[in-house]
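Student: Fold the following.
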Amino acid sequence: MRESRQVFEKMTMVGALNGALRDALDEDPKVVVQGEDIGRLGGVFRVTDGLQHRFGKDRVVDSPLAESGIVGTAIGLALRGFRPVVEIQFDGFVFPAFNQIVTQLAKMHARSLGKVRLPVVVRIPYGGGIGAIEHHSESPEAYFMHTAGLRVASPATADDAYWMLRQAIASDDPVIFLEPKRRYWDKCEVNLTTEPAPLHKARVVRPGRDLTLAAYGPSVKLCLAAAEAGAAEGRSLEVLDLRSLSPLDTDTVEWSVRRTRRMVVVHEAPVFVGAGAEIAARVQERCFYHLEAPVLRVGGFHAPYPPSRLEEEYLPGLDRVMHAVDQAFAS
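Tutor: Predicted coordinates for the structure are as follows:
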């Protein structure tokens, strides 16, 4: 990857993602970007703003409103040696392309006995917090975690957004890249010269001694706020940013829980059969004799996504996270 002239730059997650796409397009002529309204408009969230003007309509392609066609075309391009990056405009719109993703994109490498690679990145803005209606605020990560052959990752900060997207584009395997839209406008310093941890490595973003808060994507910031609240009560809460959901960095999770002896997993998706269920099961298997309390989960309710006026009641907030922390210490 090309080294930038500037070491640090403060930017939003949208700016970081735009920069990652720009640099990937600039460095590799086989990278192509396609999706609904991504060219002339620059995308609904302006993640692709200016890219078509710079790289042309053949490399930044405005597609029809047909997600199955977007992903199907990307598979064909990958078979011809390209590295497509496709945008699904909103999380709930990915389901028309579900067949192409789970029965073709995820399977061709195994079906060909390793002879075929499909380096396709499927970018999906996901999660709530923007006051949108159903199909615009959902968290479909568990579907893709369950599908063998897909890598699934989600950044929590602009710095991770830049590097994780670059790493996803460089991967020879298909990557479902989940972008937390409620964090699109959060700013932080992005290191543009030093590549951070590998794509599928979890990271401790706040050390602690008494309990591990594990999260990814939009919920990491919430867990950091919970750790601040816990510190005011004399509790030392460790915050673990999982970053990758498939493969899952179970070793780092285990290392954290063996020290803190308690764990709460937080995500916006419904708790029922969500990512937290798999994480809790693995911790139970690996850390049973170290745990001083059951692994608890905080997430959305097992119900259709509500109207915007009820969104904050549906999504996990600070009160619900702190209630789970209290339960863990009461056990």
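Student: Report the central residue of this protein.
Tutor: Nearest to the centroid of the C-alpha atoms of the chain, with distances taken as CA atoms, centre = their mean, sits residue 154, at 1.5 Å.
Student: Spit out the contact partners of that one.
Tutor: Residue 154 makes contact with 126, 141, 177, 178, 179, 180, 216, 217, 243, 244, 245 under the criterion CB atoms under 8 Å, 6 or more residues apart in numbering. All C-beta spots, glycine's among them, are computed from the backbone N, C-alpha and C.
Student: taking those one by one, which sit in helices?
Tutor: If you go by DSSP state H, the contacts of residue 154 have residue 141 in helices.
Student: Closest to residue 48 out of the contacts of residue 154?
Tutor: Set against residue 48, the nearest of the contacts of residue 154 by CB to CB is residue 179 (12.2 Å).
Student: which other residues reach the helix or strand hosting residue 323?
Tutor: Element membership for residue 323, per DSSP states H and E: helix 318-330. Contacts to helix 318-330, defined as CB under 8 Å, 6+ apart, come from residues 210-211, 213, 222-223, 225-226, 229-230, 235, 237, 262-264, 266, 293-294, 296-298.
Student: switch to 7 Å and redo it
Tutor: When contacts are defined by CB atoms under 7 Å, 6 or more residues apart in numbering, helix 318-330 is touched by residues 211, 222-223, 225-226, 229-230, 237, 262, 264, 266, 293, 296, 298.
Student: ok, of those residues, which come out buried?
Tutor: Buried residues within those, counting neighbours by 16 or more other CB atoms under 10 Å: 211, 222, 223, 226, 229, 230, 237, 262, 264, 266, 296, 298.
Student: Spatially nearest residue to the third one, not counting backbone neighbours?
Tutor: For residue 223, ignoring the flanking residues on the chain, the nearest one in space by CB to CB, 6 or more residues apart in numbering is residue 213 at 4.1 Å.
Student: The fourth one now?
Tutor: The spatial neighbour of residue 226 that comes closest, neighbours along the chain excluded (CB to CB, 6+ apart), is residue 321 at 4.5 Å.
Student: neighbours of the one you found, just the number please.
Tutor: By other CB atoms under 10 Å, 25 other residues sit near residue 321.
Student: go on, residue 79?
Tutor: By the criterion of other CB under 10 Å, residue 79 has 12 neighbours.
Student: what's the spacing between it and residue 95?
Tutor: Distance of residue 79 to residue 95, given as CB to CB, to the nearest Å: 24 Å.
Student: what's the answer for residue 81, then?
Tutor: Between residue 81 and residue 95 the computed distance is 29 Å (CB to CB).
Student: okay, the two: which has more neighbours?
Tutor: It is residue 95, of residue 81 and residue 95, that has more neighbours when counted by other CB under 10 Å, with 16 against 9.
Student: Pretty sure the more buried one sits in a strand.
Tutor: No. Assessed with DSSP: H, G, I helix; E, B strand; the rest coil, residue 95 is helix; it does not lie in a strand.
Student: Touching, residue 40 and residue 52? I think so.
Tutor: Yes. Contact criterion CB atoms under 7 Å: residue 40 and residue 52 qualify, at 6.4 Å.
Student: which of the two has more neighbours?
Tutor: The residue with more neighbours, out of residue 40 and residue 52, is residue 52; 20 against 10, by other CB under 10 Å.
Student: Spit out the contact partners of the more buried one.
Tutor: Shown here is residue 52, whose contacts under the criterion CB under 7 Å, 6+ apart are 39, 40, 60.
Student: Next, count neighbours for the last one.
Tutor: In this case it means residue 60. Residue crowding around residue 60 was assessed by other CB under 10 Å; the count is 24.
Student: The one 3 residues further on too?
Tutor: Other residues lying near residue 63 total 18 when counted by other CB under 10 Å.
Student: if I look at it, how far off is residue 311?
Tutor: Plainly put, residue 63 is 29 Å away from residue 311 if you go by CB to CB.
Student: so what pLDDT did residue 292 get?
Tutor: The confidence metric pLDDT takes the value 97 at residue 292.
Student: Also the one 3 residues further on?
Tutor: Residue-level confidence at residue 295 comes out at 98, pLDDT.
Student: Name the nearest residue to it, sequence neighbours excluded.
Tutor: Looking at residue 295 with CB to CB, 6+ apart, the closest residue is residue 280, at 4.1 Å.
Student: That neighbour contacts residue 296, correct?
Tutor: No. At 8.0 Å, residue 280 does not count as touching residue 296 under the criterion of CB under 7 Å.
Student: Walking through the stretch 151-300 of the chain, point out its strands one by one.
Tutor: Listed in chain order, the strands of the stretch 151-300 of the chain (DSSP state E, counting those that start in this stretch) span 151-153, 175-180, 187-191, 203-206, 211-215, 237-241, 244-246, 263-270, 296-300.
Student: Switch the ones you listed over to JSON lines; also include distance to residue 136.
Tutor: Listed next are those as JSON lines, based on distance: least, CB to CB, whole Å:
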{"stretch": "strand 151-153", "distance to residue 136": "20"}
{"stretch": "strand 175-180", "distance to residue 136": "13"}
{"stretch": "strand 187-191", "distance to residue 136": "24"}
{"stretch": "strand 203-206", "distance to residue 136": "28"}
{"stretch": "strand 211-215", "distance to residue 136": "22"}
{"stretch": "strand 237-241", "distance to residue 136": "25"}
{"stretch": "strand 244-246", "distance to residue 136": "21"}
{"stretch": "strand 263-270", "distance to residue 136": "13"}
{"stretch": "strand 296-300", "distance to residue 136": "15"}
